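Q: Let's see this in three dimensions:
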Amino acid sequence: MNSSFFDEKDRIERAFALAGAERPAYANIFPFVEALLVAAAEVRATLSLEIPQIPDETAKARWESGFPLLRRWDFPVDTAAAERLLEKISGAIPADNRQLAEARRIIVRSVPEAPGEKKRFWNSFLHHEMEPWEEWLKADAGKMDLASVLFLARSAVRPCVEFAAEKLTAAHPVPDWWLKGYCPVCGSFPSLLTLEGQGARKGFCSWCATRWNLHRLQCPYCDNRAHESLGYLAVEQEPHNRISYCNLCKFYFRQIDTRELAYPPYLRLEEWTTLHLDLIAQKAGWNQPPSPAPAIYGDGQ
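A: Model prediction:
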C-alpha cells in the first residue's frame with residue numbers, strides 16, 4: 001500500500017473526529033460512511049487503469065467548444081476493484097438497513113461470471129438511464145430498492161472514476177477560463193460549491209470529484225448570472241453553510257464557505273454531512289438538480 005493511502009486515511013479519520021463532535025445528528029451513519037470512504041481510498045490507491053489517451057490539442061478543442069474530456073460512460077472500470085470495495089464494506093452496512101443489505105446481495109449475485117459480461121455489467125452503472133443495467137437486475141426488479149442498488153454499484157466504481165479524473169487533470173490541467181457550471185472532465189453538475197480564499201468559488205463534481213472555477217455569481221444549472229434573480233438561504237447556526245438558488249430555473253446547490261471553517265473540509269464527507277440542506281431547500285420550494293448536465297447529456301435524465 002503506498003503512502004498516499006495512509007495520508008488519505010489520516011485525513012478521513014481526522015475529518016470524522018471533527019464531524020462527530022460538530023454534527024451529532026449524523027452519528028448513526030458515520031460508521032458506514034467512514035468504512036465506505038476508507039475502502040474507496042484503499043481501492044483507489046491500488047488501481048492501475050488504462051486511462052483514455054487524449055492529445056493536448058484535442059483536450060483544448062473540447063474545452064474551447066464547451067465539452068468535457070469524457071462522457072460518464074467512457075471512464076474505465078476495474079471490475080475486480082469494484083467487487084473488492086463491495087466486499088470491504090459488507091460488514092459495515094447497518095443491521096437495520098435492510099434495503100442497503102438487500103441491494104448488496106442483489107448486486108453480488110447479479111455479477112456475471114464471464115469477464116466480458118462482467119465488464120459490461122459494471123460499465124452499465126456509468127450510464128444515467130435505466131436500460132443498461134436492467135438486463136442483469138430484472139429478476140429482482142419487483143423487490144429491490146433501485147436507489148440503494150444504484151448507490152452501492154456507483155460507489156463501487158467511483159474509485160475508478162476518480163482515479164481516471166485525477167490522471168486526466170494531471171495530464172491536462174483544467175484552464176482557469178473554464179467557468180461552465182458543469183465539470184470539465186465528465187460534464188456533471190457539482191454536488192457542492194465552495195467559497196475560499198479571497199472569495200473564489202469552485203465546484204466539486206458529483207461524479208468524478210474534479211474541482212473547477214466558477215463565477216462568484218452564477219447558477220451552475222442555467223448559467224444565470226443576474227444578481228437580482230440569484231439568492232441564498234442561510235442556515236441557522238451554520239454560518240459556513242448556505243443554499244444557493246436561482247429564481248429562473250428554480251434549482252439549488254449546496255454551498256460551503258470554507259473561510260468560516262477552522263480546518264480544510266473533506267468534501268467527500270461534506271457530501272454526506274450537508275444532506276440536511278437538501279431538506280431545507282426542498283421545503284422552501286427549490287428543486288434538486290440532476291447530476292448529468294443537460295447541455296452535455298440532454299434533458300432525458
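Q: Can you classify Asn28 by secondary structure?
A: Secondary structure of Asn28, reduced to three states by DSSP: H, G, I helix; E, B strand; the rest coil: coil.
Q: Spatially nearest residue to it (excluding sequence neighbours)?
A: Closest residue to Asn28 apart from its sequence neighbours, by CB to CB, 6 or more residues apart in numbering: Pro94 at 7.6 Å. In short, each C-beta sits where N, CA and C put it, glycine included.
Q: now the one you found, what's its secondary structure?
A: At Pro94 the chain is in coil, as set by three-state DSSP.
Q: go on, Leu193?
A: Local secondary structure at Leu193 is given as strand here, using three-state DSSP.
Q: Who are the contact partners of it?
A: Listed by CB atoms under 8 Å, 6 or more residues apart in numbering, the contact partners of Leu193 are 201-204, 214, 220, 244, 253-256.
Q: now for those, which pair is the farthest apart?
A: Pro220 and Ile256 (14.5 Å; CB to CB).
Q: check contacts around Arg14.
A: If you count contacts by CB under 8 Å, 6+ apart, Arg14 has them with 263, 266.
Q: that older thread, ok, the residue nearest to Asn28 touching Leu100?
A: Yes - under the criterion of CB atoms under 8 Å, Pro94 makes contact with Leu100 at 7.3 Å.
Q: If you count surrounding residues, which of the two has more?
A: For Pro94 and Leu100, the more surrounded residue by other CB atoms under 10 Å is Leu100, and the numbers stand at 19 against 12.
Q: what distance separates the helix or strand that contains that one from the middle of the whole chain?
A: Using DSSP states H and E, Leu100 sits in helix 98-110. Computed by CA atoms, centre = their mean, to the nearest Å, the separation of helix 98-110 from the middle of its chain amounts to 21 Å.
Q: Which residue lies nearest the spatial centre of the protein?
A: Within the chain, one residue has its C-alpha closest to the average C-alpha position: by CA atoms, centre = their mean, that is Ser206, at 3.0 Å.
Q: on contacts alone, who are the packing partners of the helix or strand hosting Glu270?
A: For Glu270, the enclosing helix or strand under DSSP H and E is helix 267-273. Under the contact criterion of 3 or more CB pairs under 8 Å, 6 or more residues apart in numbering; DSSP states H and E, the helices and strands touching helix 267-273 comprise helix 3-22, helix 30-45, strand 190-196.
Q: Tell me the strands beside the next helix-or-strand element following the last one, with direction?
A: Same thing as strand 190-196. Next helix or strand after strand 190-196 toward the C-terminus (DSSP H and E): strand 200-205. Strand partners for strand 200-205, identified by DSSP bridges, are recorded as strand 190-196 (antiparallel), strand 211-214 (antiparallel).
Q: For strand 200-205, which residues meet the burial criterion?
A: 201-205 (16 or more other CB atoms under 10 Å).
Q: out of those residues, who's nearest Val149?
A: Where the buried residues of strand 200-205 are concerned, and distances follow CB to CB, Val149 has its nearest neighbour in Cys205, at 22.2 Å.
Q: Tell me the spatial nearest neighbour of the closest one, not counting adjacent residues.
A: Nearest to Cys205 is Cys183, by CB to CB, 6+ apart, at 4.1 Å.
Q: need the contact list for that neighbour.
A: Under the criterion of CB under 8 Å, 6+ apart, the contact partners of Cys183 comprise 68, 189-190, 203, 205, 207-208, 210, 212, 293.
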